[in-house]
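Colleague: Build me a model from this:
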Amino acid sequence: MRKLREVFKLDSFRPNQLEAILATLSGKDVFVLMPTGGGKSLCYQLPGVCEDGTSRGVTIVVSPLIALMVDQVQHLLRKGVDAILFNSDQGQDVSREARSRLMSRGSKPKLVYVTPEKLHRSEDFRSILARLYTNGELARFVIDEAHCVSTWGRDFRESYQDLDRLRVQYPKTPIMALTATANEQVMMDVIDRLGIQGCTLLKQSFNRPNLFYDVRPKSPKTVLQEIYDFINQKHRGQTGIIYCLSRNKCEEVAKTLREQYKLRARHYHAHLSVEDKNRTQASWQSGECQIIVATIAFGMGIDIRFVIHHSLPKSLDAYYQETGRAGRDGQPATCLLFYTYADTKILFKLIQESETSSAEEKKRQEDAVRAVVQYCSNESDCRRVQVLRHFNQAFDSKDCRKRCNNCADGATYIEEDATEMAAKAIKLVREILALDTSVTKLHCLDVFRGANIKTIRDKNHDRISLFGAGSSLSREQGERIFNHLLWVGAFREVTVANRAGWNTMYLQV
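Modeller: The predicted structure is shown next:
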């Protein structure tokens, strides 16, 4: 409490912060699932400056976002906390000084921020960790944005697969994993890969009541004019992030907003030079830059009033993570997504052209894109209900309080009795499970609607008696029936690990 007040100028904890801090100070592994803006960073920064507890010494923070790490280190230094950064963008002098401080007998930094790539590729850094561990000076490993262990590790990015070495090489050092984005499948992936079974598990509601979710049809010819009108009419002079799929699109959108619409916009992506990254970051922090047009490589600041998706997100996890950058101060903010099915062609092409992903992984990624399409095309169900359902959280649409465009548009809907179709869906899934116990919800839905898909034919699921029983329904109607059957308990999804150690959600009756 003394450190909380003196260093961080706070008087109290937010939900689950104190529990996470006490657990890691006791030397326990911890998994923290906390929405963006919930205060994840304090869960490891405060223990990092506390001298007492079972685990003491240097806290190693592993994070994939260099911009976020730079921001946090600068923030800690201003508070008088001894923190340093190791990354590929640093000059040799800075790296040499950081290394010297960790290897010397004098006082060590409290927190060391490092990328997974540095941890994976640098033999020298691993030798530093080994020495700290041997001397009892390694307090804990913190895996920030821990969902990347699943979503990126699955895509065979070696640095994320390699994080399982931490438990093997430093068995006595506790691990804390934190994320704002993890459904049951991702959570089990992270726990299994990091070897933290039996960890202290702290979860919060995924609901962000201050965010307004809005999905609009996208016209490539007018989308930039619509973005300008939205910013000019509702968020003039305020800060925001626009997410695009590619680096080229980021640069193109930022340039048009700057030159044609006179907005203070800059682009930001992983392939910028160090100097350009630093300039963009400095102009953002000073207020000179109002809008950042970015890939997933950027996402900091607590007073962001809007997040716009110019391109379709790759998954609902990515959508939740990126929209979560808005309104971290708890004040109202808007999340606007421009949707056209044509954007899926780019995503499906990127997935299929991947040389590192297995056929199973490509199928999982395509299903994730289809889940986003389902979300965008569902114009009747509360957007909040849909997002939270993805994270296995039940939510009453009345509690949305018209904070999404579906609840706010005031449309009138006609109720229909779907009992007969629901009964057929249950019988169909039973028939499929008699042939194959490892099927996903989306696969069963495709069989229900009579889709002419190779995976269905290969499994002979087109020969079951109820194949195509729901062919008279639109895809949205079929999806709503299956989702409702999940929530009333007729169906359930179970997490099953494959031979490679990754988890998949399979449907059961």
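
Colleague: What is the neighbour count of the residue nearest to Glu366 when sequence neighbours are not counted?
Modeller: Excluding the flanking residues, the one nearest Glu366 by CB to CB, 6 or more residues apart in numbering is Ile351, at 5.8 Å. All C-beta atoms are positioned from the backbone trio N, CA, C, and that covers glycine. Using other CB atoms under 10 Å, Ile351 is surrounded by 19 other residues.

Colleague: Can you tell me the SS state at Ile351?
Modeller: helix (DSSP: H, G, I helix; E, B strand; the rest coil).

Colleague: Sketch out the helices for the stretch 351-500 of the chain, chain order is fine.
Modeller: For the stretch 351-500 of the chain, the helices defined by DSSP state H, counting those that start in this stretch occupy 359-377, 383-390, 405-408, 419-435, 441-448, 454-458, 475-487.

Colleague: Report the rounded mean pLDDT for the fifth one.
Modeller: Right, helix 441-448. Mean pLDDT, computed over helix 441-448, is 94.

Colleague: how about the helices of the stretch 351-500 of the chain in TSV, adding mean neighbour count and distance to Arg131?
Modeller: Shown next, in TSV, are these (neighbours: other CB atoms under 10 Å; distance: least, CB to CB, whole Å):
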stretch	mean neighbour count	distance to Arg131
helix 359-377	18	37
helix 383-390	22	43
helix 405-408	18	56
helix 419-435	16	54
helix 441-448	22	49
helix 454-458	12	51
helix 475-487	18	51
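
Colleague: Indicate which one of these is closest to Leu25.
Modeller: Taking CB to CB, helix 383-390 is the member of the helices of the stretch 351-500 of the chain nearest to Leu25, at 31.8 Å.

Colleague: outside of the closest one, which residues touch it?
Modeller: 183, 206-207, 213, 215, 316-317, 319-320, 371, 375, 378, 394-397, 399-400, 403-407, 483, 486-487 (CB atoms under 8 Å, 6 or more residues apart in numbering).

Colleague: May I have that helix exported as PDB, CA atoms only?
Modeller: Provided in PDB are the C-alpha atoms of helix 383-390 (Å, rounded to 0.1, in the frame of the first residue of the first chain):
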ATOM      1  CA  ARG A 383     -23.500  -6.400 -30.500                       C
ATOM      2  CA  ARG A 384     -22.400  -6.600 -26.900                       C
ATOM      3  CA  VAL A 385     -24.200 -10.000 -26.500                       C
ATOM      4  CA  GLN A 386     -22.400 -11.300 -29.600                       C
ATOM      5  CA  VAL A 387     -18.900 -10.200 -28.500                       C
ATOM      6  CA  LEU A 388     -19.300 -11.400 -24.900                       C
ATOM      7  CA  ARG A 389     -20.700 -14.700 -26.200                       C
ATOM      8  CA  HIS A 390     -17.400 -15.300 -28.000                       C
END
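
Colleague: tell me the contacts of Ser358?
Modeller: Going by CB under 8 Å, 6+ apart, the list of residues near Ser358 reads Ala500.

Colleague: circling back: now distance to Ala282 too, for the helices of the stretch 351-500 of the chain, in a markdown table please.
Modeller: Formatted as a markdown table, those follow (distance: least, CB to CB, whole Å):
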| stretch | distance to Ala282 |
| --- | --- |
| helix 359-377 | 34 |
| helix 383-390 | 34 |
| helix 405-408 | 36 |
| helix 419-435 | 55 |
| helix 441-448 | 45 |
| helix 454-458 | 50 |
| helix 475-487 | 45 |
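
Colleague: Out of those helices, the one nearest Arg325 is which?
Modeller: helix 383-390 (14.9 Å).

Colleague: So for the closest one, mean pLDDT?
Modeller: 93.
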